[in-house]
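predicted model, plus sequence, below.
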Amino acid sequence: MENFKFYLITDTHFFKNSLGARGKEYDEFMRFEQKCFAETEAINRSVFNWLKKADEADTVLIAGDLSFNGEKESHLEFIKLLNELKESGKKIYVITADHDFKNEGSDCFAFNESGRLAPESTKRDELFDLYYDFGFKDAVAVDRKHLSYVAQLCDGVRLLALNNDGAADGKKHFDEEQIGWIKEQTKKAREDGQIMFAMNHYPLLPGQPIFSVVPSAVQIESDAVTTMLADEGVHLAFTGHMHNQSVNLKITEKGSKFYDVCTGSIIADPAVIRHVTVTSDNKAIIKSIETPDFEWDTNGKGCKRYLSDLFDSMILNMLDDMQYNPARILSRFGADGKKALSGAVKLAGRIINKITIGGVCRLLWIKCGKSIKPMLLKEYITELVRGVFEGNQTFKEGTPKGDVFIGFLKRLNPIFKKINIKTIDGKKADLFEILKNSAGNYDLDDYNVTLDLL
């Protein structure tokens, strides 16, 4: 086979702007949003226009959450974009995910000056026909019940496109029937001498170590699924969902490699397009391209800056509410009515919003470099959290910000050891190592890397 190249994007969250994204309730909703809402149509159009002209590959993969929240009109408008891209000469393969259907109309929403609206929703059983031309139509195998398929991308390369939103128990996992279908397809690929890689919306490995203790951040039964795929000969998967940028490796007991390449949403920081080359000698060359600027009043900011500022405002708004509206922040985290916590949250917010890193270090007897002493703690926290999603995190040991963070972790480590938190695979979490490796990237490059699949 010759080297095969493609582009990949994920979490397009297309929203037809005319449905309504304005008004007081919209502004309140956006205080705690990582991703854009009103701007998503403009961002998608900009990305699709870029892809039409991009000449390094003629194939585009989209890894789920195509619509903002399952609005029927958003899907229909997004499909127009797909058809325009197809007419430009691109072959397109998509999967759907949980943001693409809602069984209750009130679960998908829009806003205008009168408040919250409920546009017509899309049911799950409508998705096969809606997206039939973008994967299912030319597939060599289809599992319609699970909205999954296998596509022959080129001579020697097959795509295992997976969706697991349709299990009978309502949980987002691979049921026995789908596991059987996956094994059947991986066996055929091996027998036919094909390189097979997967596209699954939900991360199959935790995108960052901190996500290993957040069940909703990782595929259910992650360890069993990734072991099965790797040992069956699928050594690479492209995922989304968490809007983070990461590349992670697992090696099974049999010595099989499995890489999860998670890509940031195009409508939220870090907003990335992947360019991937699968080589005849079983390597994957990953390159990352920033989402292009888009038509919107961004106050002169480029796309990258506009989206990173949106992320920062989400964190800063939360910290601000801790001080000035603790009831709202408690409600946000499911602690409505717990007035006893209100005073403590308010005090913590007041301290976080005013104290500097130098002040924190003095209180905790932590060494602190002169360059970051004047930095406000709230700015430090915001940059640290954003880095977890952007990938290639910079708060590493040996840097001023990283050394302060590790010093802080060391102060808390005796407490960490007494906290019994389990990871998604049921093991006791080592909070020191999890937090250290979430703040600083000590492993694979999350943007540009060559992966040896064997």
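Received it, and whenever you're ready, just let me know what you need.

how many neighbours does the closest residue to residue 263 other than its chain neighbours have?
Residue nearest to residue 263 in three dimensions, not counting chain neighbours: residue 10, with 4.9 Å by CB to CB, 6 or more residues apart in numbering. For every residue, glycine as well, the C-beta is placed using N, CA and C. Residue 10 has 29 neighbouring residues, counting by other CB atoms under 10 Å.

again with residue 155
9.

separation between it and residue 27?
52 Å (CB to CB, to the nearest Å).

poorly predicted segments of this structure, please.
Low-confidence segments of the chain (pLDDT under 70): 104-106, 337.

just the helices in it please.
Applying DSSP state H to the chain gives helices spanning 24-30, 40-53, 72-87, 127-130, 176-191, 222-231, 303-324, 326-332, 339-354, 357-364, 377-390, 400-416, 431-439.

residue 238: which of those is closest?
helix 222-231 (12.6 Å; CB to CB).

where's the closest one relative to the chain centroid, distance-wise?
Centroid displacement of helix 222-231 relative to its chain, using CA atoms, centre = their mean, to the nearest Å, is 20 Å.

what angle do helix 176-191 and that helix make with each other?
20 degrees (axes from the mean of the first three to the mean of the last three CA atoms, to 10 degrees).

contacting residues around helix 222-231?
Helix 222-231 is contacted from outside by 174, 179, 182-183, 186, 198, 203-206, 219, 235, 237, 250, 252-254, 256-258, 260, 424-425, using CB atoms under 8 Å, 6 or more residues apart in numbering.

weed out the non-buried ones from those.
For these, a burial check counting by 16 or more other CB atoms under 10 Å picks out 174, 182, 186, 198, 203-206, 219, 235, 237, 250, 256-258, 260, 424.

how many neighbours does residue 299 have?
Residues lying near residue 299 (other CB under 10 Å) number 8.

that one and residue 267: what is the separation?
Residue 299 is 18 Å from residue 267, by CB to CB.

also residue 303?
For residue 303, the distance to residue 267 - CB to CB - is 10 Å.

now for the two: what residues contact both?
Both residue 303 and residue 267 are in contact with residue 43, where contact means CB under 8 Å, 6+ apart.

neighbour-wise, which of the two wins?
More crowded of residue 303 and residue 267, by other CB under 10 Å: residue 267, with 30 against 22.

and the more buried one, what is it in contact with?
By CB under 8 Å, 6+ apart, the neighbours of residue 267 are 11-13, 35-36, 39-40, 43-44, 307.

please report the distance of it from residue 87.
Counting by CB to CB, the gap from residue 267 to residue 87 is 23 Å.

what do you get for residue 24?
Residue 24 is 41 Å from residue 87, by CB to CB.

do the same with residue 162
27 Å.

who has more neighbours out of those two?
Neighbours per residue (other CB under 10 Å) separate residue 162 from residue 87, with residue 162 holding more: 30 against 9.

which residues does the more buried one contact?
Shown in contact with residue 162 (CB under 8 Å, 6+ apart): 95, 146, 148, 174, 182, 198-200.

chain neighbours aside, what residue packs nearest to it?
Leaving aside its sequence neighbours, residue 162 sits nearest to residue 200 (CB to CB, 6+ apart; 4.4 Å).

cool, and residue 169?
Excluding its sequence neighbours, the residue lying closest to residue 169 (CB to CB, 6+ apart) is residue 175, at 7.9 Å.

ok, that neighbour - contacts?
Counting by CB under 8 Å, 6+ apart, residue 175 makes contact with 164, 167-169.

gap between it and residue 442?
According to CB to CB, residue 175 stands 37 Å off from residue 442.

check residue 379 too.
From residue 379 over to residue 442 (counting by CB to CB), the distance is 24 Å.

compare those two (neighbour count), which wins?
When neighbours are counted by other CB under 10 Å, residue 379 comes out ahead of the other of residue 379 and residue 442, with 16 against 9.

what about stretch 321-341, distance to the chain center?
For stretch 321-341, the distance to the chain centre is 27 Å (CA atoms, centre = their mean).

any idea how far the nearest residue to residue 371 once chain neighbours are set aside is from residue 392?
Of all residues not flanking residue 371 in the chain, residue 400 sits nearest, at 5.4 Å (CB to CB, 6+ apart). Distance, residue 400 to residue 392, using CB to CB: 17 Å.

same question for residue 325.
From residue 325 to residue 392 the distance is 34 Å (CB to CB).

with residue 73 instead?
Relative to residue 392, and taking CB to CB, residue 73 is found at 38 Å.

more neighbours: which of the two?
residue 392 (19 against 16).

how about the contacts made by the more buried one?
Going by CB under 8 Å, 6+ apart, residue 392 touches 245, 441, 445-447.

before we move on, what about residue 46?
Contacts for residue 46 (CB under 8 Å, 6+ apart) come out as 291-295, 303.

let's see it at 10 Å
Shown in contact with residue 46 (CB atoms under 10 Å, 6 or more residues apart in numbering): 39, 266, 291-296, 303.

what residues are up against the residue nearest to residue 162?
Going by CB under 10 Å, 6+ apart, residue 200 touches 63-64, 95, 97, 148, 160-164, 174, 219, 225, 229, 237-241, 260.

so how do I select the buried members of those residues in ChimeraX?
In ChimeraX syntax, the buried subset of the contacts of residue 200 is picked out as below (16+ other CB under 10 Å):
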select :63,64,95,97,148,160,161,162,163,164,174,219,225,229,237,238,239,240,241,260
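
in the stretch 51-200 of the chain, which spans are strands?
For the stretch 51-200 of the chain, the strands defined by DSSP state E, counting those that start in this stretch cover 59-63, 91-95, 110-112, 115-117, 141-143, 148-154, 157-162, 195-200.

strands paired with the first one, and their directions?
Sheet partners assigned to strand 59-63 using DSSP bridges are listed as strand 4-9 (parallel), strand 91-95 (parallel).
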